[in-house]
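Asker: coordinates for the following, if possible.
(one chain, ligands or ions: 1)
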Amino acid sequence: MSVDVLVAGGGGFIGGHLVSRLIDRGRTVRSVDVKPLDEWHQVHPDAENVTADLSLLDGAMSASQGVGEVYMLAADMGGMGFIENNKAACMLSVLTSTHMLQAARAQGVERYFYSSSACVYPAGLQEDSRVTALKESDAYPAMPEDGYGWEKLFSERMCRHFEEDFGLVTRVARYHNIYGPHGTWNGGREKAPAAVCRKIAEAAISGQHEIEIWGDGQQTRSFTRIEDCLRGTELVMHGSSGEPVNVGSSELVTINQLVDIVEEIAGITCDRHYRLDAPLGVRGRNSDNALIEELHGWTPSTALADGLEVTYARVHDRVKRSRG
Ligand code: NAD
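Answerer: Just a heads-up that it's a prediction; the model follows:
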């Protein structure tokens, strides 16, 4: 099968959606992930689906063979509970980032997209729930999220220097909390929107209307719907600027407000129990989208309440099935 684009990490949440979108656009896609096929979030029969370890140079070389474009989404990651307790594992993704860049260069890839993260921003700018939205230049002087954020920032810099020194066209987006259906919803790697959807679904199904919330619920975040993320990804990949840009919603909510929204969708109200010793991450974080709007014409288009409806429905379905 001849393919023109590689999605690295195609068995993951964002990768699975991206493969589907690229196929819809008539592209021929190779989707590669280290997980066995039966653990992929989505398997698209029209793609060439390969299980391989891209942290190994051999795996990265085979995966990149014959493709013009690479979307590099492979990383060992999860929500705050995972990244705060698995810093070394998160940093080991640097092997994947490095070998994928080396392979792309060696195989003559034309364009290379790297999925960075809002975790590259210094914690010192995120200590207040009434945050000033983070703009791209705030990443320096550098003091990212320990472990995961350092790996992301380092890999961003490698993209910059592979372009400057070797002429590989690289594009970088800093994703802010992407959510949607087909994401991780249990097991410890899930992020806040899926975790809240799962807890409310469990409450709705069991009739025990209680929910555990990590922290005091006053911490703030913005959450970006998968469709907005994919549209931003394509614009950044094919745009003329190699500057890292935020791909994030600017609709700031507290975690309590996130719970309010999901409760309303589910039609229940829960007693809230706050776990103050849980992993919390920064106090507040929002995305400044001025640069991506200027460079790529992208703005987020989905209100959180609308985006969460479909996510809740999907998670509710999964919870119900898991209970037999
Ligand atoms: P995900 O965990 O669902 O997908 C990542 C995939 O990469 C997984 O399926 C995993 O098995 C695969 N992978 C890990 N190591 C690999 C290796 N050595 N070889 C091959 N595959 C490997 O995560 P996601 O939410 O889809 O995120 C995709 C990318 O976007 C990641 O790089 C992540 O850091 C970044 N990102 C995501 C978010 C978010 O909110 N989801 C936010 C910021 C950045």
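Asker: I'd say Leu125 and Ser137 touch.
Answerer: No: applying C-beta atoms under 8 Å as the test, Leu125 and Ser137 come out as separate, 11.2 Å apart. To be clear about C-beta, it is placed using only N, CA and C from the backbone, and glycine gets the same treatment.
Asker: so which of these two has more stuff around it?
Answerer: Leu125 (17 against 9; other C-beta atoms under 10 Å).
Asker: what's near enough to touch the more buried one?
Answerer: Listed by C-beta atoms under 8 Å, 6 or more residues apart in numbering, the contact partners of Leu125 are Val131, Thr132, Leu134, Asp138.
Asker: ok, for the first one, nearest residue in space, not its chain neighbours?
Answerer: This points to Val131. Among residues not flanking Val131 along the chain, Gly284 sits closest, at 3.7 Å (C-beta to C-beta, 6 or more residues apart in numbering).
Asker: what residues are up against the one you found?
Answerer: Counted by C-beta under 8 Å, 6+ apart, Gly284 has contacts Gln126, Glu127, Asp128, Ser129, Arg130, Val131, Gln219, Thr220, Arg221, Leu252.
Asker: so can I have JSON lines of the residues you listed showing neighbour count, distance to Ser240 and pLDDT?
Answerer: Formatted as JSON lines, the contacts of Gly284 follow (neighbours: other C-beta atoms under 10 Å; distance: C-beta to C-beta, whole Å; pLDDT from 0 to 100):
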{"residue": "Gln126", "neighbour count": "22", "distance to Ser240": "31", "pLDDT": "93"}
{"residue": "Glu127", "neighbour count": "11", "distance to Ser240": "36", "pLDDT": "92"}
{"residue": "Asp128", "neighbour count": "11", "distance to Ser240": "36", "pLDDT": "91"}
{"residue": "Ser129", "neighbour count": "17", "distance to Ser240": "37", "pLDDT": "88"}
{"residue": "Arg130", "neighbour count": "9", "distance to Ser240": "35", "pLDDT": "84"}
{"residue": "Val131", "neighbour count": "18", "distance to Ser240": "30", "pLDDT": "85"}
{"residue": "Gln219", "neighbour count": "21", "distance to Ser240": "37", "pLDDT": "94"}
{"residue": "Thr220", "neighbour count": "21", "distance to Ser240": "33", "pLDDT": "95"}
{"residue": "Arg221", "neighbour count": "27", "distance to Ser240": "31", "pLDDT": "94"}
{"residue": "Leu252", "neighbour count": "19", "distance to Ser240": "30", "pLDDT": "95"}
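Asker: okay, helices next: where are they in the stretch 101-250 of the chain?
Answerer: With helices called from DSSP state H, counting those that start in this stretch, the stretch 101-250 of the chain shows them at 148-166, 192-206, 226-238.
Asker: and the shortest one, how far out from the chain's middle?
Answerer: Spelled out, it's helix 226-238. Per C-alpha atoms, centre = their mean, to the nearest Å, the displacement of helix 226-238 from the mean C-alpha position of its chain is 12 Å.
Asker: go on, the longest one?
Answerer: Its chain's C-alpha centre lies 18 Å from the corresponding centre of helix 148-166 when counted by C-alpha atoms, centre = their mean.
Asker: residues in the chain within reach of the ligand, list them.
Answerer: Listed as neighbours of the ligand in the chain under the rule C-beta under 6 Å from any ligand atom: 9, 11-15, 32-35, 53-55, 73-77, 96, 115, 117, 175, 177-178, 184, 191.
Asker: for ChimeraX, what selects the buried ones among those residues?
Answerer: Applied in ChimeraX, the following selects the buried portion of the residues of the chain next to the ligand according to 16 or more other C-beta atoms under 10 Å:
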select :9,11,12,13,14,15,32,33,34,53,54,55,73,74,75,76,77,96,115,117,175,177,178,184,191
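Asker: lowest-confidence helix or strand of this structure?
Answerer: Least confident element among the helices and strands of the chain, by mean pLDDT, DSSP states H and E: helix 80-83 (a mean of 90).
Asker: alpha carbons of it, as CSV, please.
Answerer: Only the C-alpha atoms of helix 80-83 are listed here, as CSV (Å, rounded to 0.1, in the frame of the first residue of the first chain):
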residue,chain,number,x,y,z
MET,A,80,-2.4,15.4,35.8
GLY,A,81,-2.6,12.3,37.9
PHE,A,82,-0.4,10.5,35.4
ILE,A,83,2.1,13.2,34.5
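Asker: hmm, who's touching it?
Answerer: Under C-beta under 8 Å, 6+ apart, the answer for helix 80-83 is 77, 90, 119, 145, 147-148, 188-189, 191-192, 214, 278-281.
Asker: tell me what the helix or strand that comes right after it is packed against?
Answerer: Per DSSP states H and E, helix 80-83 leads on to helix 87-91 as the next helix or strand towards the C-terminus. Counting contacts by 3 or more C-beta pairs under 8 Å, 6 or more residues apart in numbering; DSSP states H and E, helix 87-91 packs against helix 148-166.
Asker: go through the helix it packs on and flag the buried ones.
Answerer: Quick answer for helix 148-166 (16+ other C-beta under 10 Å): 148-156, 158-160, 162-163.
Asker: ok, residues contacting it?
Answerer: Contacts for helix 148-166 (C-beta under 8 Å, 6+ apart): 75, 77, 83, 87, 90-91, 93-94, 97-98, 101, 104-105, 112, 114, 116-117, 119-121, 139, 142, 144, 168-172, 174, 242, 244.
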